[in-house]
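Chemist: sequence unknown, structure follows:
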């Protein structure tokens, strides 16, 4: 732990540790003199201390000059090979978010910086149109929102996700959306038309039905009931929905699995998946600090179960195990999911999306073909 863990209104992380690529590292400690920084302390350290003393942390949003928008991957344990994230960082503030360590790539902290210092990609739609127009492009499902939520609060004003969807709809390109926000229902007009052609499905993350726990884990994400209502609205509009019980945190929300699946099924969800808590890189300390601040009596037990499912470590990055873990506890969770899906009538196979309807956009200034 790099600083004293404390809670901040509307924020998930309790600390703001240095990013792992920063040239200097700073450690806060109590020397008995009331916590004031020494006059000779480096400016970065003074500023970090000021952030940690502020009760209400404001969100800063800056543009990012992205050169491309589609990110490729070759991971064998996920169902897509390309994704789009219109935003870097996420104001939902989910303390467990596996994308937090990515903020270190821009010299910021995976802690409070991740949820208070955000970046938009204002050229996302234009870049997407250009990349889809490339002669060698071959369509396959694009996952929208794999690292940060495409419907986080700043989407209300920036509308980058909607702009991306407008391009995908116009070009008849398949897309899978991952979110925990009911803001997705704003775009039902686009999504329902795409769904009628077999071009879209939405994965809605519901981590718990307990509002108090949800508020602590994911302070600026919508209330669990609003997410369930979003599932109801989407399915009523003919849009297939997958419910994600993710992440499952041992001893905190694992008791909710069957109840979440039952409620989501009643609302129309067709598929169900789960992810066991992942703690890559800085997440181990960040979640540990959060547990110490909110659930000190459970911290040791939670982390013990996590390590039991991760080969004795906080995280196992091996393909095939990183999402669901291994060992008795992980197998128990997987079996509970399987039995609940079967009992409730969920699909065991994924809803397929079509790629044969893709219409390649014309490139600006490109010569038209005579054939």
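Modeler: Now that the structure is in, tell me what you want to look at. Source: prediction; values computed, not measured. Numbers count the residues shown, from 1 in each chain.
Chemist: now the nearest residue to residue 309 once chain neighbours are set aside: how far from residue 70?
Modeler: Residue nearest to residue 309 in three dimensions, not counting chain neighbours: residue 325, with 3.4 Å by Cβ to Cβ, 6 or more residues apart in numbering. (Each C-beta comes from the backbone N, C-alpha and C, glycine too.) Distance of residue 325 to residue 70, computed by Cβ to Cβ, to the nearest Å: 30 Å.
Chemist: which one of the two has more residues nearby?
Modeler: Set residue 325 next to residue 70 and count neighbours by other Cβ atoms under 10 Å: residue 325 wins out with 25 against 14.
Chemist: would you map the strands across the stretch 251-371 of the chain?
Modeler: Shown for the stretch 251-371 of the chain, the strands assigned by DSSP state E, counting those that start in this stretch span residues 271-276.
Chemist: show me where the stretch 1-150 of the chain has its helices.
Modeler: When assigned using DSSP state H, counting those that start in this stretch, the helices of the stretch 1-150 of the chain occupy the ranges 43-53, 112-116, 124-132.
Chemist: sorry, slip of the keys, the one I care about is the stretch 251-371 of the chain.
Modeler: For the stretch 251-371 of the chain, the helices identified by DSSP H, counting those that start in this stretch occupy 257-266, 283-294, 299-308, 328-344, in order along the chain.
Chemist: what helices or strands is the last one leaning on?
Modeler: Okay, so that is helix 328-344. Under the contact criterion of 3 or more Cβ pairs under 8 Å, 6 or more residues apart in numbering; DSSP states H and E, helix 328-344 touches helix 257-266, strand 271-276, helix 299-308.
Chemist: tell me which residues of the first one come out buried.
Modeler: Spelled out, that is helix 257-266. Under the neighbour-count criterion of 16 or more other Cβ atoms under 10 Å, helix 257-266 has 257, 260-261, 263-265 buried.
Chemist: again, but for stretch 342-358
Modeler: Within stretch 342-358, the residues that qualify as buried by neighbour count (16+ other Cβ under 10 Å) are 346, 353, 358.
Chemist: let's have the buried residues of helix 257-266 in CSV, adding pLDDT and distance to residue 222.
Modeler: Formatted as CSV, the entries for these read as follows, by pLDDT from 0 to 100; distance: Cβ to Cβ, whole Å:
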residue, pLDDT, distance to residue 222
257, 98, 20
260, 98, 15
261, 98, 19
263, 98, 15
264, 98, 15
265, 98, 20
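Chemist: for the spatially most central residue of the chain, what are its contacts?
Modeler: The centroid of the chain falls nearest to residue 148 when counting by Cα atoms, centre = their mean (4.3 Å). Residue 148 makes contact with 85, 87-90, 97, 99, according to Cβ atoms under 8 Å, 6 or more residues apart in numbering.
Chemist: let's see that with 6 Å instead.
Modeler: 85, 87, 90, 99 (Cβ atoms under 6 Å, 6 or more residues apart in numbering).
Chemist: doesn't residue 308 make contact with the residue nearest to residue 309?
Modeler: No. Residue 325 lies out of contact with residue 308 (Cβ atoms under 6 Å); the separation is 8.5 Å.
Chemist: worst-scoring helix or strand of the protein, pLDDT-wise?
Modeler: helix 43-53 (a mean of 45; mean pLDDT, DSSP states H and E).
Chemist: ok, longest strand in this protein?
Modeler: Among the elements of the chain assigned as strand by DSSP state E, the one spanning the most residues is strand 241-248.
Chemist: show me the shaky parts of this protein.
Modeler: In the prediction, the chain carries residues with pLDDT under 70 at positions 1-5, 21, 23-55, 364-371.
Chemist: tell me the phi and psi of residue 135?
Modeler: Note on residue 135: its backbone torsions stand at phi -60, psi -30 [degrees, to the nearest 10].
Chemist: before we move on, the earlier item: would TSV of the buried residues of helix 257-266 with distance to residue 362 be doable?
Modeler: Rendered in TSV, the data for the buried residues of helix 257-266 read as follows (distance: Cβ to Cβ, whole Å):
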residue	distance to residue 362
257	48
260	45
261	45
263	46
264	41
265	44
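Chemist: just these now: which is nearest residue 295?
Modeler: residue 257 (18.8 Å; Cβ to Cβ).
Chemist: circling back: deepest of the helices of the stretch 251-371 of the chain, which one?
Modeler: With neighbours taken as mean count of other Cβ atoms under 10 Å, those reach their highest mean count in helix 283-294, at a mean of 21.
Chemist: coming back round to it: so what's the gap between the longest strand of the chain and the chain middle?
Modeler: Put simply, strand 241-248 sits 11 Å off its chain's centre (Cα atoms, centre = their mean, to the nearest Å).
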